[in-house]
Structures are given as C-alpha cells and as structure tokens.
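*Asks:* please find the sequence and the predicted model below.
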Amino acid sequence: MNTKLLLAACAALALSAGVAEAKPGKHVAAAVADKARPEADTRRDADRKPAEMLEFAGVKAGHRVADFIPGGGYFTRIFAKAVGPKGVVYAVTNPPPANAASPPPIAAIAADPAYGNIKLVQTGIGSFSLPEPVDVFWTSQNYHDLYLTRFNLDVPAVDKAIFNAVKPGGVLIILDHAARAGAPVAETANTLHRIDPAAVRRNLEAAGFRFEGESKALANPADDRSKGVFDPALRGHTDQFVYKFRKPK
C-alpha cells in the first residue's frame, strides 16, 4: 500500500471510531464538585453527566448563560459556579401562579448568597427577553414542553426569541428525550414527553441557527422510544440527544 492510501485508510479508521469527548476543564470539574449542591442532585450525576455536558456546551468562566425552563435548578447551580463571579446565569421560567403556596425552587436558589450570579427571568417561556445576549443558551429535557397543549405556545416564535437571545457566535444546546423518527411532535410531547430529534433540528435551523454537532454521552440504544420517560423501568435511562447549534456571526 502506498503512503497516500495508507494515510487515507488511517483517516477513515479514525473517523469510524469517533472522536473522544473532551476532558472537562478545571472550572467545570470544580463546579460539579461544589459542596453546596444537594445530595438529590449529586446522586443523579452518573446518569446526567454534567461535566461532559458543560464541556460540550463550551461553558467558560465569565460567560453569560441562559438556563431555559430550569426546573429544580440541577444545571443552574453548576452553571453559576462554572461561570464564576464575573459570569451570569439567567434562569428563564414562567411566573409563579398567583395562588402558589411557596416560591418555585429556582427562586430559592437565586436567593441563596452562594449563587448570587443567578438572575431570574420570570416573564414567561413564550415571550421572554434577556437583559443582554448570552454566550450559551441551554435547555435540558424540556424543549418538547413547548408543544404541550396546556401551554398553547407559538413554537416558531419561541425559537426566534431564543435566536435573538444568543449573541452572534454563541451557542444553543438542546438536550431532550428522543422520540421515534418521524413521530408526530405534538403527540409524543404530550403523551411520552419526547420529541423527534430531526424535528428539533428543522425548527432551530429554520430560526437561523447552524447545526454544529451532537454528543452521544446520553444516548441509550436499548431504549426503543415507545415508553413515556416517567416509566419506572426507564426513568433516568432514556435515549437522550444533545444537539449544539451556533448563531452565525
């Protein structure tokens, strides 16, 4: 085999083997190791792989990060420590119901002095705007929620609001539970809490983002995608896709 053929064969072999995930930086490792994180969160680290996720997203010290629909704040806390005192984390959520007995968990986290760089944006997930463009816009296990009947959202308008919230050159990360290819989005979102990855890519590219790649760190080929994500036999081990999009400069 001549030299050119040998080099081509080696290159093909390297591509077929895939590229290893980058080792998380020290700021990310320290954020995950934060002693202030509750045990309920740290017990989930093996399944959710937060260090790998932040490294894939490219979160750096000093960054502006938006955590869209942050839920209990699992990633919000980690973002806050990873971006450090010169960074900001905007927790984008709906305003609490008028009859709520207590503030949502994310409000308590933002009020904790240990996480003083978390800022609440409670103007609603369908019509939000941020005080400044962000380096990283993140949403985890909830992009499918935009299709829930009870929210009655204009999803393309939300996608455009996300696009407008990201600075030129910044990234959007969509992490969600995968539905079967071609499955009706509204149906799987409401019944299984899943979404077809291809539909997500079409949506975000239509909004102006450029698809940059995906992480397979949370993939589970054993999940046939037919069960709801809260099924006790499957919960925490669904087939999840992690897509990275970039806003053109």
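*Replies:* In hand now; what should we look at?

*Asks:* quick one: low-confidence parts of this structure?
*Replies:* Within the chain, the segments meeting pLDDT under 70 span 1-22.

*Asks:* and Val155, how many neighbours does it have?
*Replies:* Neighbour count of Val155, defined by other C-beta atoms under 10 Å: 16. From N, CA and C alone the C-beta is placed, and that goes for glycine too.

*Asks:* so how far is Ile195 from the closest residue to it other than its chain neighbours?
*Replies:* Nearest in space to Val155, with sequence neighbours left out and distances taken as C-beta to C-beta, 6 or more residues apart in numbering, is Leu146 at 4.9 Å. Using C-beta to C-beta, to the nearest Å, Leu146 is found at 9 Å from Ile195.

*Asks:* which of those two has more neighbours?
*Replies:* The residue with more neighbours, out of Leu146 and Ile195, is Ile195; 26 against 23, by other C-beta under 10 Å.

*Asks:* about what we covered before: list residues touching both of Leu146 and Ile195?
*Replies:* The contact sets of Leu146 and Ile195 overlap at Ala189 (C-beta atoms under 8 Å, 6 or more residues apart in numbering).

*Asks:* what are the ranges of the strands in this structure?
*Replies:* 64-68, 88-92, 118-121, 134-140, 166-177, 210-215, 240-246 (DSSP state E).

*Asks:* keeping just the C-alphas, turn the last one into CSV.
*Replies:* Extracted as CSV, the C-alpha positions of strand 240-246 are listed here (Å, rounded to 0.1, in the frame of the first residue of the first chain):
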residue,chain,number,x,y,z
GLN,A,240,-31.3,11.4,25.0
PHE,A,241,-29.9,13.5,22.2
VAL,A,242,-27.7,16.6,22.8
TYR,A,243,-27.5,19.0,19.9
LYS,A,244,-25.3,22.0,19.6
PHE,A,245,-26.3,24.9,17.3
ARG,A,246,-24.4,28.1,16.7
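
*Asks:* residues of stretch 91-111 that come out buried?
*Replies:* Within stretch 91-111, the residues that count as buried by 16 or more other C-beta atoms under 10 Å are 91-93, 104, 106-107, 109-110.

*Asks:* could you work out the most separated pair of the residues you listed?
*Replies:* With C-beta to C-beta as the measure, no two of those lie farther apart than Val92 and Ile109, at 13.8 Å.

*Asks:* now do stretch 139-146: distance from first to last residue.
*Replies:* 11 Å (C-alpha to C-alpha, to the nearest Å).

*Asks:* still on that earlier bit, out of the strands of the chain, which is closest to Arg43?
*Replies:* Counting by C-beta to C-beta, Arg43 lies closest to strand 134-140 out of the strands of the chain; the figure is 16.8 Å.

*Asks:* ok, Leu175 - contacts?
*Replies:* Contacts for Leu175 (C-beta under 8 Å, 6+ apart) come out as 53, 138-141, 218, 240-243.

*Asks:* surely Arg180 and Ser226 touch.
*Replies:* Yes. Taking contacts as C-beta atoms under 8 Å, Arg180 lies within contact range of Ser226: 7.1 Å.

*Asks:* just the buried residues of stretch 91-111: which are in helices?
*Replies:* Taking DSSP state H as the definition of helices, the buried residues of stretch 91-111 contribute 106-107, 109-110.

*Asks:* closest one of the residues you listed to Arg150?
*Replies:* Ile106 (19.7 Å).
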